[in-house]
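**Student:** heads up, no residue letters with this:
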């Protein structure tokens, strides 16, 4: 999927990656659910570009959250 050999990643990082992956799936599921509530369940077939915008926003939100969390952990680990 990412082109990185899993054996090159520490077990701790693999665990955190699995948790992050689960969080991302939840963000996407919430984005799609919100999309259906906002525009109606049939809209994805009529206007898939709207779903693309929602998915992109969910990805950016998830990435920003992950970066903020990583920065917070890094800041507390240097104290």
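**Tutor:** Yes, it's here. Note that this is a predicted model, so its numbers are computed, not measured.

**Student:** Flag the shaky bits of this structure, pLDDT-wise.
**Tutor:** Scanning the chain for pLDDT under 70 picks out 1-7, 74-75, 77-79.

**Student:** which stretches of it form helices?
**Tutor:** 11-39, 43-46, 48-77 (DSSP state H).

**Student:** so can I have JSON lines of the ones you listed showing mean neighbour count?
**Tutor:** In this view, the C-beta of every residue, glycine as well, is placed from N, C-alpha and C. Formatted as JSON lines, those follow (neighbours: other C-beta atoms under 10 Å):
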{"stretch": "helix 11-39", "mean neighbour count": "13"}
{"stretch": "helix 43-46", "mean neighbour count": "12"}
{"stretch": "helix 48-77", "mean neighbour count": "12"}
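
**Student:** Please name the residues that touch the nearest residue to residue 39 once chain neighbours are set aside.
**Tutor:** Spatial nearest neighbour of residue 39, excluding adjacent residues (C-beta to C-beta, 6 or more residues apart in numbering): residue 50 at 6.2 Å. Each residue near residue 50 by C-beta atoms under 8 Å, 6 or more residues apart in numbering is listed here: 35, 39, 43, 44.
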